[in-house]
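Visitor: 3D model of this:
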Amino acid sequence: MARILCVDDEPHVVTLKCAILEQAGHTVTAATSAHEAMEKLKNNVYDAVVTDWRLGDANGRAVVQAAKSNSSMPVVVVSGFVAEAFQAAEPLADLYLEKPVNPEELVTIVNELLKSSERAAPR
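Guide: Now for the predicted structure:
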């Protein structure tokens with residue numbers, strides 16, 4: 001399936017999100033800070049990003065910006081601060097979900113965004 005970068009500064013939360021996405025058949029890489037996520041985005045190829053908004057060392061905007069700067073990959077923000085995230089300057093994530101997120105909903109949304117991304121990709 002897809003290669004997904006999952007970012008959350010709470011280790012137990014990122015572990016749970018990774019497990020949910022892995023169970024759905026995806027290959028998932030965890031990052032526990034914005035800095036770590038940006039390094040991983042710079043050095044690896046991903047099909048999608050699922051990130052928290054309030055991260056210890058920065059906010060999720062830096063992660064969204066790094067993901068969108070050289071790719072049209074889908075980015076989903078999962079946060080308890082969705083209103084704050086949604087009001088941030090460009091670039092915008094593809095979707096914003098309020099924590100706690102329903103695991104089935106997360107998988108369905110990521111899968112649908114990946115399908116849309118594949119259809120939009122030039123062949």
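
Visitor: so which strand or helix has K40?
Guide: Assigned by DSSP states H and E, K40 belongs to helix 34-43.

Visitor: point to the helix or strand of this structure where mean pLDDT is at its lowest.
Guide: The weakest-scoring helix or strand in the chain, judged by mean pLDDT, DSSP states H and E, is helix 82-86 (a mean of 83).

Visitor: just checking, what packs against that helix?
Guide: Counting contacts by 3 or more Cβ pairs under 8 Å, 6 or more residues apart in numbering; DSSP states H and E, helix 82-86 is packed against strand 95-98. Yep, even glycine has a C-beta here, placed from its N, CA and C like the rest.

Visitor: now S71: phi and psi?
Guide: With angles defined as degrees, to the nearest 10, S71 sits at phi -160, psi 160.

Visitor: which residue ranges of the protein form strands?
Guide: 3-7, 27-31, 48-51, 75-79, 95-98 (DSSP state E).

Visitor: who wins for proximity to V14 among the ones you listed?
Guide: When the strands of the chain are compared by Cβ to Cβ, strand 27-31 sits nearest V14, at 4.8 Å.

Visitor: show the average pLDDT along the closest one.
Guide: The pLDDT scores in strand 27-31 average 98.

Visitor: how about it: buried residues?
Guide: Buried residues in strand 27-31, counted by 16 or more other Cβ atoms under 10 Å: 28-31.

Visitor: N43: neighbour count?
Guide: As a burial measure, N43 scores 7 neighbours (other Cβ atoms under 10 Å).

Visitor: I should have written S116 there, sorry.
Guide: 12.

Visitor: got any ranges where this protein has weak pLDDT?
Guide: For the chain, the stretches with pLDDT under 70 are 89, 120-123.

Visitor: residue nearest the centroid of it?
Guide: Nearest to the geometric centre of the chain sits V50, at 1.6 Å (Cα atoms, centre = their mean).

Visitor: run through the bridge partners of it.
Guide: Under DSSP bridges, the beta-bridge partners of V50 are C6, V76.

Visitor: buried set for stretch 55-66?
Guide: Quick answer for stretch 55-66 (16+ other Cβ under 10 Å): 55, 59-66.
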